[in-house]
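Engineer: no letters, just coordinates:
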């Protein structure tokens with residue numbers, strides 16, 4: 001019996017560690033994680049060639065991003081980095097869509113690509129240091145929009161600020177200190193960054209050794225114990241994925257959600273997630289989400305792949321991404337950014353808007369704004385900078401704006417109201 005309990009416990013540890021491949025403190029080339037949560041204040045988490053949908057840092061933990069997989073998208077790069085409490089980030093290179101700071105978190109940005117910077121902080125002290133060459137500027141001379149320039153190594157950067165919801169916090173630009181190098185230190189800094197980027201991780205991470213030895217042990221135990229271990233693994237997997245019933249409701253917040261079931265839709269009604277990834281012919285219905293949008297509420301990223309489909313009625317989402325033959329019907333709610341890795345052979349995204357909608361700044365590359373059929377406003381920006389990395393058409397070419405006929409507007413409004421209350 002003791003032998004059985006010991007093996008079951010070992011199996012449980014092996015399952016837990018194999019699910020969290022970053023438990024050794026490294027996310028290296030060929031490694032891509034879902035939701036990464038790091039609270040260890042005694043060991044840094046290092047990303048060197050790998051990626052993740054979301055990385056969440058807490059306590060006094062430290063994150064160092066040396067490089068990531070590319071190009072940025074679901075499956076490569078980092079979609080969101082969330083710094084909480086007193087955590088700190090050293091960002092040297094790589095590709096990240098959104099960097100978010102909370103509490104007393106701090107960041108030093110030396111290089112690479114960061115598309116958006118979000119801060120839920122007060123400007124009592126500087127929280128973000130940007131190491132830039134002379135000549136940097138605010139985007140369009142407006143500090144609310146973002147910052148652009150060159151890193152110390154001469155490579156360009158363009159970071160937009162997400163100021164859509166202040167909630168009493170100070171604007172992002174007030175958290176920033178731009179550090180310009182002195183001529184004498186520039187050469188030394190460049191050399192230091194080069195050495196750090198070429199530093200090799202150790203060859204045999206602890207998690208790989210555990211998996212290797214656990215697989216050997218599994219082959220020599222009795223069939224009865226194997227059945228018990230498999231059962232335990234199944235229970236562990238289901239309990240980790242609280243959305244396995246097809247619902248993410250009020251009080252539920254998931255890390256990485258992966259849904260491939262083509263026979264049952266995944267429904268978000270009051271809950272949230274860092275990332276939701278839809279595949280095959282699966283369907284996602286977002287009726288409502290937790291609020292306000294941020295780490296712990298709302299949805300950071302929705303990724304639609306293959307032939308999946310989204311019906312979006314309400315809620316708060318930071319970035320909606322579409323690949324392949326995926327489609328979406330957008331009826332209401334808040335979606336900050338829309339990214340499309342698709343060719344415009346046919347319409348992929350239907351936006352249900354009232355007459356009077358327009359392209360942001362009269363530029364279809366910027367985004368779209370207007371009112372949903374229920375009269376509530378929307379403003380969705382397009383992230384067409386990804387066109388530099390993929391041979392795809394601009395986002396606006398995948399969009400069809402559907403304006404209601406007067407006779408049908410009343411019926412649609414009633415239908416949406418009923419769906420939201422289900």
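Structural biologist: Looks like it came in fine. These figures come from a predicted structure and were not determined experimentally.
Engineer: what are the boundaries of the helices in this structure?
Structural biologist: Counting by DSSP state H, one finds helices in the chain at the ranges 2-19, 183-197, 206-220, 223-240, 406-421.
Engineer: kindly report the domain assignment for this protein.
Structural biologist: Using automatic domain parsing, the domain parsing of the chain gives 25-197, 243-421.
Engineer: got JSON lines for those domains, with mean neighbour count too?
Structural biologist: All C-beta atoms are positioned from the backbone trio N, CA, C, and that covers glycine. Shown next, in JSON lines, are the domains of the chain (neighbours: other Cβ atoms under 10 Å):
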{"stretch": "domain 25-197", "mean neighbour count": "18"}
{"stretch": "domain 243-421", "mean neighbour count": "18"}
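Engineer: Throw those domains into a markdown table and include mean pLDDT, thanks.
Structural biologist: Formatted as a markdown table, those follow (pLDDT from 0 to 100):
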| stretch | mean pLDDT |
| --- | --- |
| domain 25-197 | 90 |
| domain 243-421 | 89 |
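Engineer: touching, residue 308 and residue 278? I think so.
Structural biologist: Yes - the criterion here is Cβ atoms under 8 Å, and residue 308 meets it with residue 278 at 3.8 Å.
Engineer: give the residues shared as contacts by the two.
Structural biologist: Here residue 308 and residue 278 share the contacting residues 284, 326, scored by Cβ atoms under 8 Å, 6 or more residues apart in numbering.
Engineer: how near is the residue nearest to residue 298 when sequence neighbours are not counted to residue 368?
Structural biologist: Nearest non-adjacent residue to residue 298, counting by Cβ to Cβ, 6 or more residues apart in numbering: residue 316, 3.9 Å away. Distance, residue 316 to residue 368, using Cβ to Cβ, to the nearest Å: 17 Å.
Engineer: got it, and residue 284?
Structural biologist: Distance of residue 284 to residue 368, computed by Cβ to Cβ: 21 Å.
Engineer: for residue 358, see how far away the spatially closest residue to residue 356 that is not a sequence neighbour is.
Structural biologist: Sequence neighbours aside, residue 370 is the residue nearest to residue 356 in space, at 6.1 Å (criterion: Cβ to Cβ, 6+ apart). Distance from residue 370 to residue 358, counting by Cβ to Cβ: 7 Å.
Engineer: now residue 251
Structural biologist: Here the criterion is Cβ to Cβ. By it, residue 251 lies 38 Å from residue 358.
Engineer: what sits closest to residue 133 if chain neighbours are left out?
Structural biologist: Excluding its sequence neighbours, the residue lying closest to residue 133 (Cβ to Cβ, 6+ apart) is residue 150, at 4.5 Å.
Engineer: could you give the bridge partners of the residue nearest to residue 354 when sequence neighbours are not counted?
Structural biologist: Taking Cβ to Cβ, 6+ apart, and ignoring the residues beside it in sequence, residue 354 has residue 371 as its nearest neighbour in space, at 4.5 Å. Residue 371 has these beta-bridge partners by DSSP bridges: residue 377.
Engineer: residue 371 touches residue 357, doesn't it?
Structural biologist: Yes - if you go by Cβ under 8 Å, residue 371 and residue 357 touch, sitting 7.2 Å apart.
Engineer: picking that back up, wait, the residue nearest to residue 298 touches residue 291, no?
Structural biologist: Yes - with contacts counted by Cβ under 8 Å, residue 316 reaches residue 291, the gap being 5.7 Å.
Engineer: please enumerate the shared neighbours of these two.
Structural biologist: Counting by Cβ under 8 Å, 6+ apart, the residues touching both residue 316 and residue 291 are 297-298.
Engineer: torsion angles phi and psi at residue 250?
Structural biologist: Main-chain torsions, residue 250, degrees, to the nearest 10: phi -50, psi 130.
Engineer: which residues sit in contact with residue 278?
Structural biologist: The contact partners of residue 278, taken as Cβ under 8 Å, 6+ apart, are 259-260, 266, 284, 302-305, 308-310, 326.
Engineer: ok, so of these, who is nearest residue 25?
Structural biologist: Using Cβ to Cβ, residue 303 is the member of the contacts of residue 278 that lies nearest residue 25, at 26.5 Å.
Engineer: what's near enough to touch the closest one?
Structural biologist: Contact partners of residue 303, counting by Cβ under 8 Å, 6+ apart, are 74, 275-278, 321, 323.
Engineer: list just the nearest of those residues to residue 119.
Structural biologist: Distances from residue 119 to the contacts of residue 303, taken by Cβ to Cβ, are shortest for residue 275, at 20.8 Å.
Engineer: and the gap between residue 135 and residue 149?
Structural biologist: Distance from residue 135 to residue 149, by Cβ to Cβ: 6 Å.
Engineer: residue 138 too?
Structural biologist: Where residue 149 is concerned, residue 138 sits at a distance of 10 Å (Cβ to Cβ).
Engineer: and residue 273, by the same measure?
Structural biologist: 34 Å.
Engineer: bridged to residue 340, which residues?
Structural biologist: On the basis of DSSP bridges, residue 340 is bridged to residue 322.
Engineer: could you check how far it is from residue 124?
Structural biologist: For residue 340, the distance to residue 124 equals 40 Å [Cβ to Cβ].
Engineer: returning to what we had before: shouldn't the residue nearest to residue 356 be in contact with residue 359?
Structural biologist: No - using Cβ under 8 Å, residue 370 is not in contact with residue 359, being 9.8 Å away.
Engineer: what's near enough to touch residue 123?
Structural biologist: Contact analysis of residue 123 by Cβ under 8 Å, 6+ apart lists 170, 174-175.
Engineer: now residue 130
Structural biologist: If you count contacts by Cβ under 8 Å, 6+ apart, residue 130 has them with 109, 136, 147, 159, 176-179.
Engineer: what does residue 392 give?
Structural biologist: Taking Cβ under 8 Å, 6+ apart as the criterion, residue 392 is in contact with 340-343, 386.
Engineer: hang on, the earlier thing: distance to residue 59 for the contacts of residue 123 - can I get that in JSON lines?
Structural biologist: JSON lines is the format used below for the contacts of residue 123 (distance: Cβ to Cβ, whole Å):
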{"residue": "170", "distance to residue 59": "24"}
{"residue": "174", "distance to residue 59": "25"}
{"residue": "175", "distance to residue 59": "20"}
